[in-house]
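1. sequence plus predicted model, see below.
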Amino acid sequence: MTSPVDVLRRRAESRGEDPVLEGPAGTVSAAALLDRVEALAEQLRVSEAAVIGLLSDNSVDWVVADMASQCDALCLVPIPTFFSDAQLRHVLDSASIDTLLFDEQNQQRISALLGGGNDACAHGAPTLRWRRLAVAKAASMPAGTEKLTFTSGSTGSPKGVCLSLAQCQRVAVSLASVLDEEAPRHLCALPLSTLLENIGGLYMPLISAGTSLVYPLEQLGMAGSSGLRPRRFLKAVSQLQPSTMILVPQFLSLFDSALSSGWQAPASLRFVAVGGGRVAPAVVQRVRAAGLPVYEGYGLSECASVVALNTRQHDRPGTSGKVLPHVTVVQQNSELVVCGNSFLGYLDEPRSWGVEQILTGDLGSVTEDGFVTVKGRSKNVLVSSFGRNISPEWVESELLASGLFAQVMVLGDDRPFCAALLLPATNELDDASVQLAIDKVNATLPDYARVARWLRLFEPFSVAAGSLTDNGRLRRDHICKRYTDEVDQLYSITEQEPMAV
């Protein structure tokens, strides 16, 4: 299978003046991008680079570095800029990165972490600096690893997922096929270091003769690792007029609130994918009715991101979409198992290399016509002291569907009833309104899944605080430890009353 850089070459040869990227400095044509890619590829070749780390905000030069590594099938390691110094050091050491590319925003950080060095300018990517690193020993990774993506997951130590470009390209081809978008104008609203955005936001539009909008995330309204300036973000979406986007559920909550307050989605938007967590069907229906064409999907890094997706042609709200053509999904003992396009293995874990199917750890089902429903993580299932099994994601999504809460986490393992940690969407939401919203949701739930106690939060869960993974999922063990005393007190309350922390 051809690689993304091969697709770029074909576009440069046949329609060289076509814009493939857009950023603050304007558009970049296919021919111009290829020239820059080949310049950096030659620099990498001469320096005998093998494993390249890329630490940078979204930019045209991020794409140049990504494509340049593909020219000689080198291993690229995209590093999330929100990783802590300890996580960054772990990535550099465990992956045996010998060449590090980084932008000006990270230059001081690299100097503090690694000391002074002879940093040079990256050819074809003038906003990136270049540093060679000493490598003590080669990394233990499966043969053919061309992309090594790290995810913070549910623990603090990032885990390396090894992929080939062919595996990534299969997903991009499937997405282009099922979306059937002619020349999409895709706004990259997630970090390009996120595999989903890398494939769905760069490789898919490239195949579909489209343009990827690669603006710095701060310019789009992002504030640090998990903050968001709503007005700036909405203004950017309105001004840039994208046709496609990828969102995490937290962004969808913002759009839901904005639409209910009178904001109008640009008419250019034709497809908005949302993934990374369960979304209540009521939210999808509400934002669609207000003019935002949202479609839920499902995937995981071990399958090179997307596995299933709702589309205009195949849409079933309440599910995570129809299985993409390049994979199959089956249900085994209530767990979803994905066959085809399995990753090469985990870094430093030879026992994981060469698997043919992925046990996802997700509870769910698959219909005869291929629609996937994800009910929650098997490891997250709460077992009450009465022996009832409860998927917290189910209750959380129903509470979030009210539109009154920015974040929710439901507890109740080995407890007689469920409790919830709640971050209201606005500070003006009083306790009576919170309780009323909970009562409405409880009325739709079986008695064992109802929220009987709740705790008001004043600080959001975030990647920086260690309470969210890099794709926005709750790190439940960390949160439980953080609020151990408050939760214990919550369950010791004799009268049904809220708490605030």
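-> Right, received. Where do you want to start? Residues are numbered from 1 along each chain as shown.

2. isn't residue 429 right up against residue 404?
-> Yes: contact criterion C-beta atoms under 8 Å: residue 429 and residue 404 qualify, at 6.0 Å. Every C-beta, even on glycine, is put in place using the N, C-alpha and C of the backbone.

3. which one of the two has more residues nearby?
-> residue 404 (20 against 15; other C-beta atoms under 10 Å).

4. and the pLDDT for the more buried one?
-> What the model reports as pLDDT for residue 404 is 93.

5. show the pLDDT at the closest residue in space to it that isn't next to it in sequence.
-> Distance criterion C-beta to C-beta, 6 or more residues apart in numbering; nearest residue to residue 404, sequence neighbours excluded, is residue 437 at 5.0 Å. Residue 437 is assigned a pLDDT of 95 by the prediction.

6. any idea how far residue 437 lies from residue 95?
-> 45 Å (C-beta to C-beta, to the nearest Å).

7. between those two, which is the more surrounded one?
-> Just comparing residue 437 and residue 95: by other C-beta under 10 Å the higher neighbour count belongs to residue 95, 25 against 20.

8. residues touching the more buried one, list them.
-> Counting by C-beta atoms under 8 Å, 6 or more residues apart in numbering, residue 95 touches 51, 53, 75, 77, 139, 141, 148, 150, 160, 347.

9. return the subset of the residues you listed lying in strands.
-> Assigned to strands by DSSP state E, the following of the contacts of residue 95 qualify: 51, 53, 75, 77, 148, 150, 160.

10. what is the nearest of the residues you listed to residue 101?
-> Comparing these against residue 101 with C-beta to C-beta places residue 53 closest, at 6.9 Å.

11. what about the closest one, how many residues nearby?
-> Residue 53: 23 neighbours (other C-beta under 10 Å).

12. which non-adjacent residue is nearest it?
-> residue 97 (4.0 Å).

13. pretty sure that neighbour sits against residue 133.
-> Yes: using C-beta under 8 Å, residue 97 is in contact with residue 133, at 5.9 Å.

14. which residue of the two possesses the greater neighbour count?
-> Between residue 97 and residue 133, counted using other C-beta under 10 Å, residue 97 has the larger neighbour count: 27 against 15.

15. got the contact list for the more buried one?
-> Residue 97 neighbours (C-beta under 8 Å, 6+ apart): 51, 52, 53, 77, 91, 133, 135.

16. check which helix or strand it maps to.
-> Residue 97 belongs to no helix or strand when elements are defined using DSSP states H and E.

17. and it, how far from residue 63?
-> Going from residue 97 to residue 63 by C-beta to C-beta gives 19 Å.

18. hang on, the earlier thing: in JSON lines: the ones in strands among the contacts of residue 95, plus pLDDT and distance to residue 485.
-> Listed next are these as JSON lines, based on pLDDT from 0 to 100; distance: C-beta to C-beta, whole Å:
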{"residue": "51", "pLDDT": "98", "distance to residue 485": "44"}
{"residue": "53", "pLDDT": "99", "distance to residue 485": "40"}
{"residue": "75", "pLDDT": "98", "distance to residue 485": "45"}
{"residue": "77", "pLDDT": "99", "distance to residue 485": "39"}
{"residue": "148", "pLDDT": "98", "distance to residue 485": "40"}
{"residue": "150", "pLDDT": "91", "distance to residue 485": "33"}
{"residue": "160", "pLDDT": "96", "distance to residue 485": "35"}
